[in-house]
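Trainee: The following comprises the amino acid sequence and a computationally predicted model.
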Amino acid sequence: MTNAKTLVSSYLKAKGMEASKNDLGLNFTYEGWNFLLWHDKTDPLFFRLTLPGIFDVTDDNFAKAIMACNNVNWNYKVVKAVLYDYEDGKEKGASVWMCYEQLLDAMSNVDEIVPRAVQSLLSACDAFMKEMTEDL
């Protein structure tokens, strides 16, 4: 059965890009950014490409980060900016992740979807960072 991970893996290989599989899905690097294609075992054709951990959220910047996420969510189609809580050993925290989500079907063309998703995520990330560095 075809799934998003297999389709994207084939696309990356055809483009000469290295990808590595892990428990969450598929990792690859593009222009210095680390992308993660999230694999949903219950919905194999669900395409969720993420740009994880683009910004560390602290008590001091929490409100501004929420507002910047909200603005990205309002202004960018199919991109979501979310706060992701994590626990890494002894360390707990939150970071901002950018997510591009789409349902794939037999007519889906990953040659168009992947580059569009990557560019949308990078553009949304840039807008988020710009907002976070502006003075109030």
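Mentor: Yep, it's here. Residues are numbered from 1 along each chain as shown.

Trainee: And the residue most central in space within the chain, which helix or strand is it part of?
Mentor: With distances taken as CA atoms, centre = their mean, Thr50 lies nearest the centre of the chain, 1.4 Å away. Using DSSP states H and E, the element containing Thr50 is strand 46-57.

Trainee: and the nearest residue to Phe46 once chain neighbours are set aside, what is it in contact with?
Mentor: Closest residue to Phe46 apart from its sequence neighbours, by CB to CB, 6 or more residues apart in numbering: Asp40 at 4.6 Å. Bear in mind the C-beta positions are built from the backbone N, C-alpha and C, glycine included. Applying CB atoms under 8 Å, 6 or more residues apart in numbering, we find Asp40 in contact with 4, 46, 48.

Trainee: Pull out the buried residues from these.
Mentor: Buried subset of the contacts of Asp40 (neighbour count, 16 or more other CB atoms under 10 Å): 4, 48.

Trainee: got JSON lines for the contacts of Asp40, with distance to Lys77 and pLDDT too?
Mentor: As requested, these are exported to JSON lines (distance: CB to CB, whole Å; pLDDT from 0 to 100):
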{"residue": "Ala4", "distance to Lys77": "19", "pLDDT": "88"}
{"residue": "Phe46", "distance to Lys77": "17", "pLDDT": "91"}
{"residue": "Arg48", "distance to Lys77": "15", "pLDDT": "95"}
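
Trainee: need the contacts of Asp40 in CSV with distance to Met132, can you?
Mentor: Formatted as CSV, these follow (distance: CB to CB, whole Å):
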residue, distance to Met132
Ala4, 30
Phe46, 29
Arg48, 23
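
Trainee: Nearest to Asn73, out of the contacts of Asp40: which one, please.
Mentor: Closest approach between those and Asn73, by CB to CB: Arg48, at 15.1 Å.

Trainee: Could you measure from the spatially closest residue to that closest one that is not a sequence neighbour over to Glu101?
Mentor: Residue nearest to Arg48 in three dimensions, not counting chain neighbours: Trp38, with 4.1 Å by CB to CB, 6+ apart. Remark: distance between Trp38 and Glu101 (CB to CB, to the nearest Å) = 9 Å.

Trainee: any shared contact partners between the two?
Mentor: Residues touching both Trp38 and Glu101 (CB under 8 Å, 6+ apart) are Arg48.
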